[in-house]
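Student: with the input below, show me the fold.
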Amino acid sequence: MPKRRARSTIPVFRPEAAERRFWETHDTSPFVDWRQARVAVFPNLKPSTETISLRVPSALLAELKALANRRDVPYQSPLKVFLAERVAHETTAVNARPHRAVQRRGRSSRSRSGR
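Tutor: So this is what the prediction gives:
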């Protein structure tokens, strides 16, 4: 049976930035026995948000408000969902594309085909 190593004590950090730098450069295995870890659930934790100002065409805003009204929710809610879906779509589409070689300047597909 393998011997258990003695766990190192976690240093005390003054500013949070010092702790962040420490954990960015150190492995946790000497400090934590991950076999004893439990899943943590934070049901009241809300994601951080930022207020932004966004200019949209009046007609688009009116359509968005009508959609939200049909669902009986504030118009910002479907807007956030639509944005999140589109960002996820674009992110997966960009990551799925094969990388193409960069074309040289001044040479388009037309000039190579002799047209």
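
Student: from here on, contacts and neighbour counts on C-alpha atoms
Tutor: Noted.

Student: tell me what the longest helix anywhere in the chain is packed against?
Tutor: Identified as the longest helix of the chain according to DSSP state H is helix 76-96. On a contact count with 3 or more C-alpha pairs under 8 Å, 6 or more residues apart in numbering; DSSP states H and E, helix 76-96 meets helix 58-71.

Student: avg pLDDT for the helix it packs on?
Tutor: Mean pLDDT, computed over helix 58-71, is 96.

Student: ok so, going back, the inter-axis angle of the longest helix of the chain versus helix 58-71?
Tutor: 110 degrees (axes from the mean of the first three to the mean of the last three C-alpha atoms, to 10 degrees).

Student: show the average pLDDT along helix 76-96.
Tutor: The model assigns helix 76-96 a mean pLDDT of 89.

Student: alpha carbons of it, as PDB, please.
Tutor: Extracted in PDB, the C-alpha atoms of helix 76-96 (Å, rounded to 0.1, in the frame of the first residue of the first chain):
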ATOM      1  CA  GLN A  76     -33.600  42.600 -22.100                       C
ATOM      2  CA  SER A  77     -34.100  38.900 -21.300                       C
ATOM      3  CA  PRO A  78     -34.600  37.600 -24.800                       C
ATOM      4  CA  LEU A  79     -31.900  40.000 -26.000                       C
ATOM      5  CA  LYS A  80     -29.400  38.400 -23.700                       C
ATOM      6  CA  VAL A  81     -30.500  34.900 -24.800                       C
ATOM      7  CA  PHE A  82     -30.200  35.800 -28.500                       C
ATOM      8  CA  LEU A  83     -26.800  37.400 -28.000                       C
ATOM      9  CA  ALA A  84     -25.600  34.300 -26.000                       C
ATOM     10  CA  GLU A  85     -26.800  31.900 -28.700                       C
ATOM     11  CA  ARG A  86     -25.200  33.900 -31.500                       C
ATOM     12  CA  VAL A  87     -21.900  34.200 -29.700                       C
ATOM     13  CA  ALA A  88     -21.900  30.500 -28.900                       C
ATOM     14  CA  HIS A  89     -22.700  29.800 -32.600                       C
ATOM     15  CA  GLU A  90     -20.000  32.000 -33.900                       C
ATOM     16  CA  THR A  91     -17.400  30.700 -31.400                       C
ATOM     17  CA  THR A  92     -18.100  27.000 -32.400                       C
ATOM     18  CA  ALA A  93     -18.100  28.000 -36.100                       C
ATOM     19  CA  VAL A  94     -14.800  29.700 -35.800                       C
ATOM     20  CA  ASN A  95     -13.200  26.800 -33.900                       C
ATOM     21  CA  ALA A  96     -14.600  24.300 -36.300                       C
END
